[in-house]
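Student: the following block contains a protein sequence and its predicted model.
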Amino acid sequence: MKRLVPEYIENLKIYQAGKPIEELAREKGLTRISKLASNENPLGPSPFAIKEMTQKLWDLHRYPDMHAHALKSKLCNLYSLKKENVILGNGSEGIMAYIARAFIQPGDEIVTSENTFIGFYILTRGVGANIKTVPLTDDYRYDVEKMSSAISEKTKAIYIANPNNPTGTFITKKEFDFLMESVPDHCIVILDEAYFEYAYDASDEYPNSMDYRYDNVITLRTFSKAYGLSGIRCGYGFAHKYFIENLTKVKLPFEPNALAQIGAIGALEDQPHLRRTLRKNKSFYNDLIKFLGVNDFKPIPSVTNFVTFKTGSSQASEWMFNKLLDEGVIIRWLKSNEMPDYVRVSIGTREEMSHYFEAMEKILPKYNDKFGRA
Ligand SMILES: Cc1ncc(COP(=O)(O)O)c(C=O)c1O
């Protein structure tokens, strides 16, 4: 067929999400399934948010408030901001798409790290950007020195996932400031803090970007992770008025939708649910780290709700991923993140973690035998 789209679109790979529960149930006829593949909040949304959204169902013949007045006001109060500094979208990825549309043109260069959030590579390649990556450090962190050296005249944007997915590691304020010294004025910095709530809870060294401001930085956060609302698609960004004004020009007017706006407000109001989420996450994270250690795996220390560890080879990861699927446990094989010899496990509920531990114990004797582990 004649080429109808630009080459940079044809060359894109379609994003592979974690396997849906329904799909696995259908394929394998299983009833006990634990999905530990997409870093979702296993406790679900706040019950208060659910109640608020349920009420809103009767109003769905109305368009959403295109200025999302109530949600923006809530966020402004929470973070002492002005509305002119806030943007909302269909998840933080929705806002990344606006950033790509508003600020990036074909041929622009973007500097980021290897082994970071795939969604960002896809979105920016999709507008024709050239992505320049540098390797992670030996301890799986963003290498700010190498990133700083990679910035050139042509660099238009820098992307930092802090903490990073899929490694769960973070950069400190000192490292961020160091990098910012090399960022020219014509360059924007996308600071993706999708796991902010987890990281802020987990480490005193994790920097809260609300405490410092750079005019060329846009911070992205989301209701998809600790707030348990992945399915509703709602994310937010904070930046200088100039950014927000221009992003608003390319934004679809009625995003986020009416249920998402109400659900997000409900989630922000239910702080006990967030605290419960963080408490359980910490406890089950510790269990997971212990389990992996006992079984001679070396997990990467993470400040998030997921843990990545090395299996030793791409075949070993694939085998483990498939055998766990047979047991009804969905984890992530990090092939698309160019870490094929690693897998990632999201923290689930107590029941889901027990399922994972049982399944691992079942498959490990064969695994150890097959992949030469004593
Ligand atoms: C680092 C990072 N950024 C952004 C996202 C996307 O989040 P959202 O659901 O808000 O689009 C994810 C989702 O996994 C992520 O890991």
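Tutor: Alright, I've got the coordinates. Residues are numbered from 1 along each chain as shown.

Student: run a quick neighbour tally on L81.
Tutor: Here the neighbour count serves as a burial measure; for L81 (other C-beta atoms under 10 Å) it reads 14. Where C-beta positions appear, they are placed from N, C-alpha and C, glycine not excepted.

Student: before we move on, what about G168?
Tutor: Residues near G168, counting by other C-beta under 10 Å, number 25.

Student: for it, helix, strand, or coil?
Tutor: Of the three states, G168 takes coil under DSSP: H, G, I helix; E, B strand; the rest coil.

Student: for it, which non-adjacent residue is spatially closest?
Tutor: Using C-beta to C-beta, 6 or more residues apart in numbering and skipping residues adjacent in sequence, the residue nearest G168 is S302, 2.5 Å away.

Student: wait, what's in contact with that neighbour?
Tutor: Neighbouring residues of S302 by C-beta atoms under 8 Å, 6 or more residues apart in numbering: P163, T167, G168, T169, Y285, T308.

Student: from the chain's centroid, how far away is the lengthiest helix in the chain?
Tutor: In the chain, taking DSSP state H as the definition, the longest helix is helix 271-294. Relative to its chain's centre, helix 271-294 lies at 18 Å (C-alpha atoms, centre = their mean, to the nearest Å).

Student: so which elements touch it?
Tutor: In terms of contact count using 3 or more C-beta pairs under 8 Å, 6 or more residues apart in numbering; DSSP states H and E, helix 271-294 is assigned the packing partners helix 47-56, helix 196-202, strand 306-310, helix 350-370.

Student: how's the protein carved up into domains?
Tutor: Taking automatic domain parsing as the criterion, the chain consists of the domains 7-44+272-370, 48-271.

Student: which one of these lies nearest to M1?
Tutor: Nearest to M1 among the domains of the chain is domain 7-44+272-370; the distance by C-beta to C-beta comes to 10.7 Å.

Student: that closest one close to the ligand?
Tutor: Yes - judged by C-beta under 6 Å from any ligand atom, domain 7-44+272-370 and the ligand are in contact via N39.

Student: what's around the closest residue to K83 other than its chain neighbours, how many residues?
Tutor: Excluding its sequence neighbours, the residue lying closest to K83 (C-beta to C-beta, 6+ apart) is K72, at 5.0 Å. K72 has 21 neighbouring residues, counting by other C-beta under 10 Å.

Student: any figure for the gap between K72 and K323?
Tutor: With distances taken as C-beta to C-beta, to the nearest Å, K72 is found 47 Å from K323.

Student: next, count neighbours for whatever residue of the chain ends up closest to the ligand.
Tutor: Scanning the chain for proximity to the ligand using C-beta to the nearest ligand atom identifies G91 as nearest, at 2.6 Å. A count of nearby residues for G91, using other C-beta under 10 Å, gives 24.

Student: got the phi and psi for the nearest residue in space to K310 that is not next to it in sequence?
Tutor: In space, and not counting its chain neighbours, K310 is closest to Y342: 5.3 Å by C-beta to C-beta, 6+ apart. Taking degrees, to the nearest 10, you get phi -130, psi 160 for the backbone angles of Y342.

Student: so how many other residues sit close to Y342?
Tutor: Around Y342 there are 23 residues (other C-beta under 10 Å).

Student: same question, the one 5 residues further on
Tutor: If you count neighbours by other C-beta under 10 Å, I347 ends up with 27.

Student: surely it touches V303?
Tutor: No - between I347 and V303 there is no contact under C-beta atoms under 8 Å: 12.0 Å.

Student: quick one: pLDDT of the residue nearest to K310?
Tutor: Each residue has a pLDDT score; the one for Y342 is 98.

Student: measure it to D177 for me?
Tutor: Applying C-beta to C-beta to Y342 and D177 gives a distance of 30 Å.

Student: now do G94
Tutor: The value you get for G94 to D177, if C-beta to C-beta is used, is 29 Å.

Student: those two: which is more packed in?
Tutor: Looking at G94 and D177 with other C-beta under 10 Å, you find the greater number of neighbours at G94, namely 22 against 14.

Student: spit out the contact partners of the more buried one.
Tutor: Residues touching G94, when contacts are defined by C-beta under 8 Å, 6+ apart, comprise R233, G235, E255, P256.

Student: out of the residues you listed, who has the most neighbours?
Tutor: Neighbour counts for those, by other C-beta under 10 Å, peak at G235, which reaches 27 neighbours.
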